[in-house]
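> A structural model of the following input is requested.
(one chain, ligands or ions: 1)
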Amino acid sequence: MSMASSFNLEGRRVLVTGANTGIGQGICLAIGRAGGSVIGVGRSAMDETAAGMSALGAPFKAVHCDLSDHKAAQAMLDDTWSGPGPLDGLVNNAGIIRRQDAAEFSEENWDDVIDVNLKSTFFLCQAFARLALAEKREGRIVNVASVLSFQGGIRVASYTASKHGVLGITRALACEWAPQGINVNAIAPGYVVTNNTEALRADADRSASILARIPAGRWGTPDDIGDTAVFLLAPASAYMHGATIAVDGGWLAR
Ligand code: NAP
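Residues are numbered from 1 along each chain as shown. The predicted structure is shown next:
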């Protein structure tokens, strides 16, 4: 009988995209608390996350990359694997949202969101799996989906399309790679206090109607999401493949 907790990430190195703020930062800190080390990836400085990790005594390395270019994203993952070393986990968290009426929706607002949220996510999964498969290493992929993987949303057509797509590739890749020991799962956050939802929170009516619909009676926090990512990266979830776990204060249950 092993004495180690199956929720522990000691000795595991995880790459987290969008690590400077919001949910990505919450995921980094939760991994740090669980004993893991993090390669944080993003286009902005990650000083706040680095300071938080250092306070936890958790190893953290910042890597700069603009994920709107999927080839740059793949090259970054390849370089990370051969530099700091093989990865045990990949968390595809970076994402953007554009709000516009569907009848006016611009091609730019379509392409920009799909490129970061869906295309780079897929090609980072591919880069991770190619390396893991070549070395016969087990691995964990956690994609950040959304409650808009299940619902239509309001004025966010490209975002909703991207997040339905993230749920779809999570299932597709899980089926292909489960036999080789790569688990692919996703988290669907509800309404979380981050930059992503700033516009909603600034609109008093929208903000009140969202809050009134959340059974938990509060918005989510990055910590709420971080601990679910730890679960999906840890031995505890070894038999989970292709699941998308809602962490939404009950929003979808309503
Ligand atoms: P956020 O605070 O806006 O964080 C988004 C992260 O993605 C930031 O680190 C951002 O970097 C990074 N990013 C965006 N475009 C990038 C690019 N081209 N290259 C590299 N990094 C890029 O929002 P968040 O709420 O934490 O979002 C994290 C994930 O959760 C997203 O996938 C989002 O769709 C999802 N989500 C959020 C909510 C919510 O209620 N907040 C709900 C469901 C799902 P910069 O700071 O440099 O822009």
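> What are the buried residues along the helix or strand hosting residue 54?
Per DSSP states H and E: residue 54 is located in helix 47-56. Of all the residues in helix 47-56, those buried under the rule 16 or more other CB atoms under 10 Å are 49, 50, 52, 53, 56. C-beta coordinates here come from the backbone N, C-alpha and C atoms, glycine included.
> can you redo these as JSON lines with pLDDT?
Shown next, in JSON lines, are the buried residues of helix 47-56 (pLDDT from 0 to 100):
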{"residue": "49", "pLDDT": "98"}
{"residue": "50", "pLDDT": "98"}
{"residue": "52", "pLDDT": "98"}
{"residue": "53", "pLDDT": "98"}
{"residue": "56", "pLDDT": "98"}
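> As a markdown table, those residues with distance to residue 121 would be great.
Below are those laid out as a markdown table (distance: CB to CB, whole Å):
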| residue | distance to residue 121 |
| --- | --- |
| 49 | 20 |
| 50 | 24 |
| 52 | 25 |
| 53 | 23 |
| 56 | 27 |
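> Also near the ligand: which of those residues, exactly?
Subset of the buried residues of helix 47-56 in contact with the ligand: empty, counting by CB under 6 Å from any ligand atom.
> Could you tell me the model confidence score at the closest residue to residue 138 other than its chain neighbours?
The shortest distance from residue 138 to any non-neighbouring residue, by CB to CB, 6 or more residues apart in numbering, is to residue 181 (3.8 Å). Residue 181 carries a pLDDT score of 98 in this model.
> what's the answer for residue 5, then?
Note for residue 5: predicted pLDDT of 89.
> can you count the residues close to it?
Here the number of neighbours of residue 5 (other CB atoms under 10 Å) works out to 13.
> What of residue 166?
The burial count for residue 166: 24, using other CB under 10 Å.
> Confirm that it lies within a strand, as I assumed.
No - counting by DSSP: H, G, I helix; E, B strand; the rest coil, residue 166 is located in no strand; its state is helix.
> is it true that it touches residue 117?
Yes - proximity of residue 166 to residue 117 meets the contact threshold set by CB atoms under 8 Å, at 6.7 Å.
> Common neighbours of those two, please.
Residues touching both residue 166 and residue 117 (CB atoms under 8 Å, 6 or more residues apart in numbering): there are none.
> Dump the helix or strand harbouring residue 172 to CSV, keeping only the CA atoms.
Residue 172 belongs to helix 157-177 when elements are defined using DSSP H and E. Extracted C-alpha coordinates of helix 157-177, given in CSV (Å, rounded to 0.1, in the frame of the first residue of the first chain):
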residue,chain,number,x,y,z
ALA,A,157,-20.1,33.4,-31.5
SER,A,158,-16.5,32.7,-32.2
TYR,A,159,-15.8,32.0,-28.5
THR,A,160,-18.7,29.6,-28.3
ALA,A,161,-17.6,27.9,-31.4
SER,A,162,-14.0,27.6,-30.1
LYS,A,163,-15.1,26.2,-26.7
HIS,A,164,-17.5,23.6,-28.3
GLY,A,165,-14.4,22.7,-30.4
VAL,A,166,-12.2,22.4,-27.4
LEU,A,167,-14.7,19.9,-25.9
GLY,A,168,-14.8,18.0,-29.2
ILE,A,169,-11.0,17.7,-29.6
THR,A,170,-10.7,16.7,-25.9
ARG,A,171,-12.9,13.7,-26.6
ALA,A,172,-11.3,12.9,-30.0
LEU,A,173,-7.7,13.1,-28.7
ALA,A,174,-8.6,11.2,-25.5
CYS,A,175,-9.8,8.3,-27.6
GLU,A,176,-6.7,8.2,-29.8
TRP,A,177,-4.2,8.5,-27.0
